[in-house]
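Colleague: quick one, fold the following:
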Amino acid sequence: MKLILTLAIVIFSLSFSLSALAADCEINSVYSELETGLNKDVICKTVMDELKSRGLPEGAYLLIEANGRRTTYTVELTNVMYLLNGQALYAGQGMLNWNPDGEWVTLE
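Modeller: Okay, the predicted model is just below:
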């Protein structure tokens, strides 16, 4: 019973944090399935984690364009902007990779 309750709390916490992240992130893409749902959540979280690892502050707005080439396990991020009060803290592009072992992004 404790395990079920613990798992429920973890799932609830994760869904809450992903939904909060989704409000601070917008994806525009020729691949409409990347703009919503779990795909959007994974892309936003992966890019946000990479930007935070570079020392950029939390609380900024993330705008991603994913209009480049796409394979089964990659998508080219043609424009990534991390904006705080209208000022770009980061502007670049990159490649998002995902597979059954996890996700990672390489940004310029």
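
Colleague: near Val75, how many other residues are there?
Modeller: 23 (other CB atoms under 10 Å). Just so you know, the C-beta spots here come from the backbone N, C-alpha and C atoms, and that holds for glycine as well.

Colleague: do the one 3 residues further on as well
Modeller: Other residues lying near Thr78 total 16 when counted by other CB under 10 Å.

Colleague: what's stretch 98-108 in contact with?
Modeller: Residues from elsewhere that reach stretch 98-108 (CB atoms under 8 Å, 6 or more residues apart in numbering): 42, 46-47, 50-51, 73-74, 77, 80, 90, 92-97.

Colleague: list the buried residues of that stretch.
Modeller: By neighbour count with 16 or more other CB atoms under 10 Å, stretch 98-108 contains the buried residues 98, 105, 107.

Colleague: give the contact list for the closest residue to Lys40 other than its chain neighbours.
Modeller: Leaving out its chain neighbours, the residue that sits closest to Lys40 by CB to CB, 6 or more residues apart in numbering is Ile27, at 5.3 Å. Taking CB under 8 Å, 6+ apart, we find Ile27 in contact with 34-35, 40, 43-44, 64-66.

Colleague: could you list which of these belong to strands?
Modeller: 64-66 (DSSP state E).

Colleague: just the helices in this structure please.
Modeller: 2-23, 37-53 (DSSP state H).

Colleague: just flag whichever of those helices has the lowest average confidence.
Modeller: Here the helices of the chain differ in mean pLDDT, and the lowest is helix 2-23 at a mean of 46.
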